[in-house]
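Visitor: Let me see the structure of the following:
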Amino acid sequence: MSTTEANRTTAAPAQDQAPVPATLVAIPPVDMLSTSDEPQDTVIVYHNSESEADAEDLRWRAQEDASTLYAKPARRLKTRTFSESAGSPAVNKQRTTYQQPQSMATRSRRMSHDEKPIKSRKFLIDVEETMKLVLAQEDTDANFQIAATDKGPKVLSLGTASSNGYNSFDIRGTYMLSNLLQELALARDHGQKSIVLDEARLNENPVARLSRMIRGSFWSNLTRRIDADGLEAICADPKNRGRNKAPRIYVPEQEVQMRKYYERVAKERPSMGLIVDTLPVVWDAHWVKSRNEKPGILALAMREIKKEGEDSDFEGIPFVVPGARFNELYNWDSYFISLGLLADGRVDLAQGIVDHFLFEIKYYGKILNGNRSYYLCRSQPPFLTDLIVQVYAQLDPANAEENKAWLRRGILGAIKEYHTVWMAEPRLDPVTGLSRYRPDGLGIPPETEASHFTHVIQPYADELGISVNEFNEKYNDGEVSVPKLDEYFLHDRAVRESGHDTTYRFEKRCANLGTIDLCSLLYKYEMDIGTAIRDHFNDDLELQEEFTHSPFPFGTEVPYKPSNTTPLPTPGKSQTSAEWFARAERRKVLADYYLWHEGRGIYTDWDCAKEKQSLYDTVTTFWPMWCGMASDAQAEKIMKQSLIKFEAPGGLLSGTESSRGRISLQRPNRQWDYPAAWPPHQIMAWAGLKKYGYTYDAQRLAYRWLFMVTCGFVEAGGVVPEKFNAVEASANIDAEYGNQGTDFHLIPREGFGWTNASYQVGLSYITPHQNRALGTLTPPDVFFRS
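Guide: Now for the predicted structure:
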């Protein structure tokens, strides 16, 4: 046995040795990621007993999704009639319970309570009256959420159904009160005036509840379609700060029938005010900048419904958006969202996202940052091949021929994107052979916050004696030429293409960096394409389009030395696995030479302009493990020397504090720097560690992340935000545009795309025992110390 294998074998203690806390009953957990054919719209509720002796008395209850539960016709109850002005008896009593202290002679008698039943209680509730009472008493910061930071008494009495609302029982604590408010909001959504609410829905295991909400409602509420029924929702753009707010869609010039369809929709629905515009076959950065005052959604793939003798009808293919201010199809967000969709059995949505990506490659030349007109010049980290492979693995095997045709179309699209986007200049550095985030573009990115660049532009405006707004207009119109500012925005656009916008890792240099992130992703492309050609296309895949192929070997500085087993590829219309495996082998050589630091045990970035490694420690050092590019020895060094730099109470940090540097008013924090933790970094690291045999470490990191997300959900009224503070293990991180996914009224309806996904995927990494501990909010350090 090798040393590495020995370390992996002995590093992890037995996973069932950690003792269960006294209040935790070891009940078999729900399989959160079941792939069975049984309905997935119910979850099993855990109940925590006061002692192990109570275990046999626990009863399992299936909690229906709210859309099922509250959509049922209201039952006529044989109870007292509720007065609209007075409310139910329990509500009236509650109003006098928490008033100012009175003398014993005048103070209202405290309500009586039912005896503690064996089975779960049910409460008789007037929806509107109780909602008003909960908000008035508990929502002390008036944000329509019940959180631990609210200063209310955190106790509310509800009338029991068994006593027709006369007797009552106290609902205590942030979590139960927040759940009560959420259930009331859902009941009101479905037109219910009064409900009988099961206590099990208020003290539902938080892991089961959050997973159920993601699966049952969050994905649906984040789903969009670009067709007659979905245009109004998708055209809304919170980032549009221009004068022109009219909904606008750009349709590729080649898609004549699609354009006719949207014109027909605009005519049939004049109240929408839809403007149908055309994207020309040939466009450039100047054309894109000229449309900044007329921003619009870019058309995506549709299902064409042909009608004899008539123009075709179309139906939008659904996709999932990140949420909050990001109301369009994004590139790398969609990859991680798709992992969550696949975990929840929503293969159709994940497959549709691939179809949209292929449409974008065909008509927009790349998988876009997002499908808005101002994103046309830039892409984002490429994950297409892995997404194709994962979706293909879950397609119905009964449709084998159809599936293989879909796989062929996907791989061909990925080959085109690889050669024409990532392995073509200006993104490709011909000397090192490394690819960079280096998109085209002109002017100031229009989608950013109004004051985002004020500190950069102010000195130039002062030089000319004009305001920042006036300078912005002159600069965008080309009336003012500032080469230093041009270079600044070159790097800024590159940062946004990297997906890590923004971070001091990339400040004023991103377009010059060959990053370990992009190198790992392209290695994965090469391996995935080669494997697909070999295993599914008999080692011979014919290209369907003509386009320029990137050179091989790439990179002139490091000599190419072909191995004895890998023949020199001969690029052409007929693709074989040999070419792609040779490309992957070459990329690993370049990564070892430029990006690997043997002494520090870490992968980093290479500055192609300064010809040296970056000193910024980035958590993307785990990405070569995700794609399989790291050797066993390199993986062992990363685990021994680098993991400790990034592991925090809430999971993995984006970077180290020392790499970020000192923060001040003149140098504010960036959202992708310490102490931030982001879902993509967690998911990539879990997969990489598991691939190399570090399963226990992957479980520990997943548990830390899940614990942080679950605690936020419990303590902050159901919040599932975009990013977290891993040092504090909380969502308390307010950098740049704030934390998305936290602004909602009464009930969380969307969460945030890739955070939802990280939760569903993360549950698949932890053991049943860890799942049970998570449900009781056992802190990671307590659990793993045991």
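Visitor: okay, and for the stretch 1-150 of the chain, where does confidence drop off?
Guide: The model of the stretch 1-150 of the chain has pLDDT under 70 over residues 1-62, 74-118.
Visitor: rerun that using 80 as the cut-off
Guide: 1-64, 66-68, 71-120 (pLDDT under 80).
Visitor: Format the CA atom coordinates belonging to stretch 700-716 as CSV.
Guide: Written as CSV, here are the backbone C-alpha positions of stretch 700-716 (Å, rounded to 0.1, in the frame of the first residue of the first chain):
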residue,chain,number,x,y,z
ARG,A,700,-16.8,17.2,7.3
LEU,A,701,-16.6,20.2,4.9
ALA,A,702,-20.1,19.4,3.6
TYR,A,703,-21.5,19.1,7.2
ARG,A,704,-19.9,22.5,8.0
TRP,A,705,-21.6,24.1,5.1
LEU,A,706,-25.0,22.5,5.6
PHE,A,707,-24.9,23.4,9.3
MET,A,708,-24.3,27.0,8.4
VAL,A,709,-27.1,27.1,5.8
THR,A,710,-29.5,25.2,8.1
CYS,A,711,-28.8,27.6,11.1
GLY,A,712,-29.4,30.6,8.9
PHE,A,713,-32.7,29.0,7.7
VAL,A,714,-33.8,28.4,11.3
GLU,A,715,-32.6,31.6,12.9
ALA,A,716,-33.2,34.1,10.1
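Visitor: Same question for stretch 625-639: list its buried residues.
Guide: 625, 626, 627, 628, 629, 630, 634, 635, 636, 637, 638, 639 (16 or more other C-beta atoms under 10 Å). For glycine as for every other residue, the C-beta is placed from the backbone atoms N, C-alpha and C.
Visitor: Now do it: everything it contacts.
Guide: By C-beta atoms under 8 Å, 6 or more residues apart in numbering, the surrounding residues in contact with stretch 625-639 are 2-4, 7, 519-521, 523-524, 527, 584, 587-588, 591, 596, 598, 601-603, 621-622, 624, 684-685, 687-689, 691-692, 694, 697.
Visitor: Find the residue ranges of this protein scoring beneath the pLDDT cut-off.
Guide: 1-64, 66-68, 71-120, 241-242, 450, 563-572, 734-738, 786.
Visitor: swap the cut-off to 50 and go again
Guide: Per-residue confidence for the chain (pLDDT under 50) gives these ranges: 1-61, 79-88, 90-91, 93, 95-110.
Visitor: At which residues are the helices of the stretch 601-750 of the chain located?
Guide: Remark: helices assigned in the stretch 601-750 of the chain by DSSP state H, counting those that start in this stretch are 623-627, 632-637, 643-646, 657-660, 679-691, 695-715.
Visitor: Can you name every helix or strand that the fourth one contacts?
Guide: Think helix 657-660. With contacts defined as 3 or more C-beta pairs under 8 Å, 6 or more residues apart in numbering; DSSP states H and E, there are no secondary structure elements packing on helix 657-660.
Visitor: returning to what we had before: just name the most buried of the helices of the stretch 601-750 of the chain.
Guide: Mean neighbour count (mean count of other C-beta atoms under 10 Å) peaks for helix 623-627 among those, with a mean of 26.
Visitor: just how off-centre is that one within its chain?
Guide: Offset of helix 623-627 from its chain centre (C-alpha atoms, centre = their mean, to the nearest Å): 19 Å.
Visitor: And stretch 328-348, by the same measure?
Guide: Centroid displacement of stretch 328-348 relative to its chain, using C-alpha atoms, centre = their mean, is 8 Å.
Visitor: Please save the CA atoms from that stretch in CSV.
Guide: Taking C-alpha atoms only, stretch 328-348 is exported to CSV below (Å, rounded to 0.1, in the frame of the first residue of the first chain):
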residue,chain,number,x,y,z
GLU,A,328,-31.8,35.6,-16.6
LEU,A,329,-30.0,32.4,-17.7
TYR,A,330,-26.5,32.5,-16.4
ASN,A,331,-23.6,30.3,-17.4
TRP,A,332,-21.8,28.9,-14.4
ASP,A,333,-24.7,29.5,-12.0
SER,A,334,-26.8,27.3,-14.3
TYR,A,335,-24.2,24.4,-14.0
PHE,A,336,-24.4,24.3,-10.2
ILE,A,337,-28.2,24.9,-10.3
SER,A,338,-28.4,21.9,-12.6
LEU,A,339,-26.5,19.7,-10.1
GLY,A,340,-29.3,20.5,-7.6
LEU,A,341,-32.0,19.9,-10.2
LEU,A,342,-30.4,16.5,-11.0
ALA,A,343,-30.2,15.7,-7.3
ASP,A,344,-34.0,16.4,-7.1
GLY,A,345,-34.8,14.3,-10.2
ARG,A,346,-35.5,17.4,-12.5
VAL,A,347,-33.6,16.0,-15.4
ASP,A,348,-35.9,17.8,-17.8
